[in-house]
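Peer 1: One predicted model, sequence on top.
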Amino acid sequence: MNELQHIIEQKQELLAREAISRPAVDYSKDMTAEEQKRYINYLAERLEKADLGLRARDAVLQDFLDEKKILVERLSKLDAVLSDVEDLKKNLASEVKKRKAAERKVDDLKAKLKFANKNRYGNKSYGSKKKIQAKNPTVPKTRMILTVPLLLSLP
């Protein structure tokens, strides 16, 4: 804003120098009093219109500068929000990686638990001794009885 005002002031000084360097021309020397009066009124209206145009331009410029200031503030806030969003994306990606690792670990622990529950009382695929004897009737039932006294008699 200050830069723009500085530029405007420079332009005004330049225009003022140009006006001073020109010699004044007397357009009213050959006019009657009535013509001079109308010419003065014409110049006054022209000056008023030019002044009104300058004031309108200055008002528009001031509105523009105010709007620019508001937009710059909003842009800085949006940059801060964008920075926060980028941080949140990074955190989310990190959390997703951690969650996937935890899910893999949970799946692994579930598989281990399933395996441990399956083999809690030994491998059931071999079956119990009674089932084996029932399946093989050729094995005498007394064999187990004979082996017990042998174990007791061992030194």
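Peer 2: Arrived safely, thanks for sending. Numbering: from 1, shown residues only.
Peer 1: What segments of the chain are helices?
Peer 2: 2-21, 33-118, 129-135, 142-153 (DSSP state H).
Peer 1: need the ones you listed in TSV with mean pLDDT and mean neighbour count, can you?
Peer 2: Just so you know, the C-beta spots here come from the backbone N, C-alpha and C atoms, and that holds for glycine as well. Below are the helices of the chain laid out as TSV (pLDDT from 0 to 100; neighbours: other C-beta atoms under 10 Å):
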stretch	mean pLDDT	mean neighbour count
helix 2-21	71	10
helix 33-118	93	10
helix 129-135	56	10
helix 142-153	50	8
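Peer 1: show me what contacts the spatially most central residue of the chain?
Peer 2: When C-alpha atoms, centre = their mean is applied to the chain, the residue found nearest the centroid is residue 85 (2.9 Å). Neighbour list for residue 85: empty [criterion: C-beta atoms under 8 Å, 6 or more residues apart in numbering].
Peer 1: ok, back up a step: want to throw the helices of the chain into CSV with distance to residue 27?
Peer 2: Listed next are those as CSV, based on distance: least, C-beta to C-beta, whole Å:
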stretch, distance to residue 27
helix 2-21, 16
helix 33-118, 7
helix 129-135, 133
helix 142-153, 143
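Peer 1: This completes my enquiry, with thanks.
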